[in-house]
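the sequence isn't on hand, but the structure is:
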DNA sequence: CCAGCGTAGTTGAGCGCTCAATTATTTCCG
DNA sequence: CGGAAATAATTGAGCGCTCAACTACGCTGG
């Protein structure tokens, strides 16, 4: 049992600032989307990924990977999106286990209506508060964390 | 109605990297705490704040502010922590509306047992993956975001 | 001195997520 | 080929969070 490597003061400050910023930010984003577009942030992410895919359609597994969510979470979420008429599910060709989620026209329009407000919020709380070099730094930091976590799943 | 100021490529990459990193990270932290210490990250935060307070006790409102959580969330959370015997609530002196949450000895020991694993996880996925200057950058970035959000509530 | 407003905290309904179990299909390989 | 393991997706129970409504108390001004 090795000694615990506690965080130094500088590390502690950075970690807590990141944590606090992220909580405040995610709350603000969730609330903005909920109020202005009647959807949680997770739904927005799903709609974005679908809108960017070929034919605005993706296999459930691919959609789960690209949104970094579990199959279960995605199943529940897509079921609710289907109830709202924003997404449609149909059997995948060539693999009878598979399902393909497709963004409907209504779903696309809902996304198009939600996007400007969301982007404005991201700008107001993040991008416009950072110097250009901090934006670059943030990408590098994020990427470093992703690199450590993508594999070890 | 002004034009929407969409994100540039660099801004988009930074935002998505941050978002993806944070989702992966929060999932990993939550899972680690859930598996090793049988508590969600939110409970850990509450225990930490209480452990650092004078007398290991805080008014509910102060605890809500310091964990950046709503009064409602805190009420629910502390109720569950009380069921587990990790926290105790008693009336505040001098204000009969007030409640003071106190960390119990059991709660303190639970926290002490959980902390090393949690810190190791934070190190493994964040701190040890960043260069020292990136740690400094992360603090500045986090602080900039906090500054924009603390007031506008 | 009490009416009205603000503050402290709780509660319950409803939603989204996690975990574990389940169904259905495909792939691997002896 | 045929049975076992892997893959795709769903389901239901249970938990934590949000929102809105509510209780209870404190403060301040006419």
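That came in fine, so what should we check first? Owing to the predicted nature of the structure, the values given are computational and were not obtained by experimental measurement. Numbering: from 1, shown residues only, chains lettered A, B, ... in the order given.

who does residue A:88 bridge with?
Note on residue A:88: beta-bridge partners by DSSP bridges are residue A:102.

touching DNA strand D at all, the helix of greatest length in chain A?
For chain A, the longest helix by residue count, based on DSSP state H, is helix A:9-37. Yes: Helix A:9-37 is in contact with DNA strand D by CB under 7 Å from any atom of the strand, via A:27, A:30, A:31, A:34. Just so you know, the C-beta spots here come from the backbone N, C-alpha and C atoms, and that holds for glycine as well.

how about the closest residue to the first one other than its chain neighbours, phi and psi?
Same thing as residue A:27. Ranked by CB to CB, 6 or more residues apart in numbering or on different chains and with sequence neighbours excluded, the top spatial neighbour of residue A:27 is residue B:68, at 7.8 Å. Main-chain torsions, residue B:68, degrees, to the nearest 10: phi 60, psi 40.

contacting residues for residue B:68?
A:20, A:23, A:24, A:27 (CB atoms under 8 Å, 6 or more residues apart in numbering or on different chains).

distance check, it against residue B:144.
According to CB to CB, to the nearest Å, residue B:68 stands 16 Å off from residue B:144.

likewise residue A:122?
Going from residue A:122 to residue B:144 by CB to CB gives 14 Å.

and if you look at residue A:118?
To residue B:144, residue A:118 is 20 Å away according to CB to CB.

also residue A:89?
Applying CB to CB to residue A:89 and residue B:144 gives a distance of 41 Å.

does residue A:61 really touch residue A:71, like I thought?
Yes: between residue A:61 and residue A:71 there is a contact under CB atoms under 8 Å: 7.0 Å.

hmm, back to that, and which of the residues of helix A:9-37 next to DNA strand D is nearest DNA strand D?
residue A:31 (4.5 Å; CB to the nearest atom of the strand).

give me the neighbour count for the closest one.
Using other CB atoms under 10 Å in any protein chain shown, residue A:31 has 13 other residues around it.

quick one: low-confidence parts of chain A?
Along chain A, the parts satisfying pLDDT under 70 run over A:1, A:151-153.

mind listing what the closest residue to DNA strand D within it touches?
Of all residues in chain A, the one sitting closest to DNA strand D is residue A:61 (3.0 Å; CB to the nearest atom of the strand). Residues in contact with residue A:61 (CB under 8 Å, 6+ apart) are A:71, A:98.

would you quantify the distance from it to residue A:47?
Distance from residue A:61 to residue A:47, by CB to CB: 18 Å.

the host helix or strand of residue A:72 packs against which elements?
Using DSSP states H and E, residue A:72 sits in helix A:71-83. The helices and strands touching helix A:71-83, judged by 3 or more CB pairs under 8 Å, 6 or more residues apart in numbering or on different chains; DSSP states H and E, are helix A:41-52, helix A:60-66, strand A:87-91.

could you list the buried residues of the longest one?
This points to helix A:41-52. A:41, A:42, A:43, A:44, A:45, A:46, A:47, A:48, A:49, A:50 (16 or more other CB atoms under 10 Å in any protein chain shown).

now swap in stretch A:77-90 and tell me
A:77, A:78, A:81, A:86, A:87, A:88, A:89.

widest-spaced pair of the residues you listed?
Comparing all pairs in the buried residues of stretch A:77-90 by CB to CB, the longest separation belongs to A:77 and A:88, at 14.1 Å.

if we ignore the residues flanking it in sequence, what's nearest residue A:70?
Using CB to CB, 6+ apart and skipping residues adjacent in sequence, the residue nearest residue A:70 is residue A:64, 6.7 Å away.

and the nearest residue to residue A:90 once chain neighbours are set aside, helix, strand or coil?
Nearest non-adjacent residue to residue A:90, counting by CB to CB, 6+ apart: residue A:100, 5.7 Å away. The three-state label given to residue A:100 by DSSP: H, G, I helix; E, B strand; the rest coil is strand.
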